[in-house]
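S.K.: with the input below, show me the fold.
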Amino acid sequence: MLVAAAVCPCPPILVPEVAAGAGPELDAARDACVDALGVLAAAQPDLLIVAGPGEPADRGPFPPGSAGSFAGFGVDLTVRLGEAPAGSSAPERTLPASLAVGAWLLGRTRWDGAPVEGLGVGEPLAADRCLRAGAELATRAERVALLVMGDGSACRTVKAPGYLDERAVDFDAVAARALGSADLAALSALDESLAYELKVAGRAPWQMLAGAARGAGLGGQLLYEDAPYGVGYVVAAWS
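M.R.: Residues are numbered from 1 along each chain as shown. Predicted coordinates for the structure are as follows:
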């Protein structure tokens, strides 16, 4: 059963070494992420699953100890998703950027609790399949926690990656309210087509969370909401 969840944005610039001179602009988001991960630790889960968007080659499960790198962003920094079981060989697949950011956050909070696994999620995944997949994740252990990585729209300003789309503000507001209040119905109802048009990188993981949380009775708290660089970022904690 799902006992806790944290929702965090996943841009590589969340990592100060990647952000370089722009690092301080996301300090509030980083602090909120640390607070959200504290909720996960307090829940004392038996298993932590980090889920985030990934390209086709990056989808599916990533075992404990999987490594990710920020070399593609010009930074010599490698992170690892938890620890590989004693005696096992190092996993071969490299974490997608979203899970690498999640691994960096866990390292920043010095996570030493439950085993950590990763899951790369295809953003085009239909809502009903996201909900079913989330429900399956919740059965993986007696006490499951989720760290859900994902961004809102990338169309909040003319300088945003997707340029300005007037629909982006409303979409992000609905998503933020749903994530901040653990509103499963609202998350489940997020429009897949609109999310795609607005270049949302969190819709599928968020709907997976909604599926995992059914019947868990969790409440939500919104810790951060903003759109630096024209991209919607939300941090929330469920417990």
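
S.K.: every contact and neighbour count from this point should use C-alpha atoms.
M.R.: Will do.

S.K.: from Arg129, how far off is the residue most central in space within the chain?
M.R.: Compute the mean C-alpha point of the chain, and by CA atoms, centre = their mean the closest residue is Met149, 0.8 Å away. Distance, Met149 to Arg129, by CA to CA, to the nearest Å: 18 Å.

S.K.: need the pLDDT of the residue nearest to the centre of the chain.
M.R.: pLDDT recorded at Met149 is 98.

S.K.: which stretches of this protein form helices?
M.R.: Per DSSP state H, the chain carries helices over the ranges 16-19, 27-42, 97-108, 127-137, 168-181, 184-188, 192-197, 203-213.

S.K.: which of those has the lowest average pLDDT?
M.R.: Lowest mean pLDDT of the helices of the chain: helix 16-19, a mean of 92.

S.K.: for it, list the C-alpha coordinates in CSV.
M.R.: Taking Å, rounded to 0.1, in the frame of the first residue of the first chain, the C-alpha atoms of helix 16-19 are listed here in CSV:
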residue,chain,number,x,y,z
PRO,A,16,23.3,23.6,-8.9
GLU,A,17,26.4,22.4,-10.8
VAL,A,18,24.2,22.2,-14.0
ALA,A,19,22.5,25.5,-13.3
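
S.K.: picking that back up, so which of the helices of the chain is nearest Ser88?
M.R.: Relative to Ser88, the nearest member of the helices of the chain by CA to CA is helix 97-108, separated by 19.5 Å.

S.K.: buried residues in that closest one?
M.R.: Neighbour-count burial for helix 97-108 flags 97-106 (criterion: 16 or more other CA atoms under 10 Å).

S.K.: Val200 and Asp151 touch, don't they?
M.R.: Yes. When contacts are counted by CA atoms under 8 Å, Val200 is listed as touching Asp151 (6.2 Å).

S.K.: so for those two, which residue has more residues nearby?
M.R.: Shown here are Val200 and Asp151; by other CA atoms under 10 Å, Asp151 has more neighbours (27 against 24).

S.K.: would you enumerate the residues in contact with that one?
M.R.: Asp151 makes contacts with 8-11, 200-202, 231-234, as judged by CA atoms under 8 Å, 6 or more residues apart in numbering.

S.K.: for Ala90, state which of these is nearest.
M.R.: Closest to Ala90 out of the contacts of Asp151 is Cys10 (24.2 Å), distances taken as CA to CA.

S.K.: number of nearby residues for that closest one?
M.R.: Cys10: 26 neighbours (other CA under 10 Å).

S.K.: now it. Its backbone dihedrals?
M.R.: Main-chain dihedrals, Cys10, degrees, to the nearest 10: phi -130, psi 20.

S.K.: wait, isn't it in contact with Val101?
M.R.: Yes. Using CA under 8 Å, Cys10 is in contact with Val101, at 5.9 Å.
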